[in-house]
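# model this:
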Amino acid sequence: MDAVSAVAPSEVTPRTGLAAPPLRILMVSDAWYPQVNGVVRTVSRLRDALEAMGHTVGIIGPHLFRTMPCPTYPEIRLSILPGSRLNRLIEHFRPDALHIVTEGPLGLAARRWALRNGQCFTSSFHTRFPEYIRARTGFPMGLPYRFLRWFHGAAALTLVPTASLQEELRGRGFMHLECWTRGVDADRFHPEAAVIDWQAMYDVQGPYLLYVGRVAVEKNLEAFLSLDLPGTRIVVGDGPDRVDLAARYPDVLFTGYLTGPDLAAAYAASDVFVFPSVTDTFGLVILEALACGVPVAAFDVTGPRDILPPGISAVGAIGPDLRRNILAALRGDRAACRAHAARFSWEACARMFLDAVIRALRTAHTA
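Residues are numbered from 1 along each chain as shown. Model (predicted):
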């Protein structure tokens, strides 16, 4: 897909006109606080935007259940046998619309409830679990994708974050797909955020090349950390590979998690944002960096190619050579980055979501 024509939320016209009374919308997600990831941020901001429109939104997450640590990733907690309690929570909420965010234990239990009760539901595809499983274990992707096709096949609509991912999933046999992109809080993330002085705090030299996200094998961080680059490479975040990578790359600055104003300040104080992942489905951090005026360097894959112009531009660079992209992005235009991010708002993202949900409900009621 030509990234120049990538769809931003602000450029989408709702098909329904959104002529609907306030709805009770229930979202079931295996990813929720205290987890720190793009799914949690998306669901949280979506809830806030929908509630600002007058809708009632409930979230059912692992915090309401007994949990166990996810194998190989103990920071993520998986709900244990959630069925009976989940059923009671859904029935108590009395949703007009049910949206299943993830394909974990809670998502499976909500799917069973919906099918047993003849309830229309929508779902969303956030994470390339087959690629993640392969990266961690070497297990082939065929069976996991078969499971995901089965899971989402029962949904009235499955919402995917980018047009390029939509095309890819169609090629894998997924049905009833619709693009639902993302937004950024331009008030929280902006170039004037209280800037961190990397040199004063950590005795390092610029240019400052920043990564923000999970520190795990599926993020392809070594493609960035192993490069010969000027300045300082900075990794904000945590994950199962942090200790190993920090030992192997002692010249890289690992800060751990940063949140709120500290995270915005880290973006604004950096010269280039580096996104080395080739498995992400979007990349909210790309929008956060752009909103802070920071150009982005990435591979030409799903996510970056749906947000950034092709090749080298004023807002960064994408292509097969990550080092070349980083050096080119150093010449980016911070004002252009900010203007590009302004095309993506959470309010418009919520309207896209609501439009899809209303159409799914109307189709179910006339079937």
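# Using the three-state scheme, assign Met27.
Going by DSSP: H, G, I helix; E, B strand; the rest coil, the secondary structure assigned to Met27 is strand.
# any idea how far it is from Ile80?
To Ile80, Met27 is 21 Å away according to CB to CB, to the nearest Å. (Glycine included, C-beta is placed from N, CA and C.)
# Can you show me the strands along the stretch 251-367 of the chain?
All strands of the stretch 251-367 of the chain, identified by DSSP state E, counting those that start in this stretch, fall at 253-256, 272-275, 296-298, 312-313, 316-318.
# before we move on, the earlier item: and Met27 and Ile80? Which one has more around it.
Ranked by neighbour count (other CB atoms under 10 Å), Met27 and Ile80 place Met27 first, with 25 against 11.
# check contacts around the closest residue to that one other than its chain neighbours.
Distances taken as CB to CB, 6 or more residues apart in numbering put His99 closest to Met27, at 4.8 Å, once the chain neighbours are dropped. Residues in contact with His99 (CB atoms under 8 Å, 6 or more residues apart in numbering) are Ile25, Leu26, Met27, Val28, Phe121, Thr122, Ser123, Ser124, Phe353, Val357.
# mind checking how far His99 is from Ala360?
9 Å.
# Identify the contacts common to those two.
Thr122.
# any idea which residue sits dead centre in this protein?
Centroid check for the chain by CA atoms, centre = their mean gives Gly38 as the closest residue, at 3.6 Å.
# How about that residue: what's its closest non-neighbour residue?
For Gly38, the closest residue by CB to CB, 6+ apart turns out to be Leu284, at 4.6 Å.
# Apart from its neighbours in sequence, what residue is nearest Pro249?
For the record, residue 249 is Tyr, not Pro. Here the residue nearest Tyr249, using CB to CB, 6+ apart, is Leu225, at 4.8 Å.
# Could you pull up phi and psi at the one you found?
Recorded main-chain torsions at Leu225 are phi -70, psi -30, according to degrees, to the nearest 10.
# ok, now the one 4 residues further on?
In this entry, Leu229 is assigned phi and psi values of phi -140, psi 150 (degrees, to the nearest 10).
# so what's it up against?
Leu209, Arg323, Ile326, Leu327.
# I'd like to know which of these are buried.
Among the contacts of Leu229, those buried by neighbour count (16 or more other CB atoms under 10 Å) are Leu209, Ile326, Leu327.
# Let me have the residues you listed in a markdown table, extended by pLDDT and distance to Ala289.
Below are those laid out as a markdown table (pLDDT from 0 to 100; distance: CB to CB, whole Å):
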| residue | pLDDT | distance to Ala289 |
| --- | --- | --- |
| Leu209 | 98 | 11 |
| Ile326 | 98 | 13 |
| Leu327 | 98 | 17 |
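# Just the ones of those residues in helices?
Among the buried ones among the contacts of Leu229, the members found in helices (DSSP state H) are Ile326, Leu327.
# Out of the buried ones among the contacts of Leu229, the closest to Ala110 would be?
Closest approach between the buried ones among the contacts of Leu229 and Ala110, by CB to CB: Leu209, at 41.1 Å.
# And the closest one, how close does it get to Leu225?
In terms of CB to CB, Leu209 sits 10 Å off from Leu225.
# Give me the common contacts of these two.
Common contacts of Leu209 and Leu225 (CB under 8 Å, 6+ apart): Arg233.
# what bridges to Leu159?
Bridge pairing for Leu159 (DSSP bridges) gives the partners Ser124, Glu178.
# For the stretch 251-367 of the chain, which segments count as helices?
In the stretch 251-367 of the chain, the segments counted as helices under DSSP state H, counting those that start in this stretch are 260-268, 284-291, 304-307, 322-329, 334-341, 346-366.
# And for the stretch 101-250 of the chain?
105-116, 129-137, 142-153, 163-171, 198-202, 222-225, 242-248.
# What distance do you get for the closest residue in space to Arg242 that isn't next to it in sequence to Gly239?
Distances taken as CB to CB, 6+ apart put Val215 closest to Arg242, at 4.2 Å, once the chain neighbours are dropped. Using CB to CB, we find Val215 at a distance of 4 Å from Gly239.
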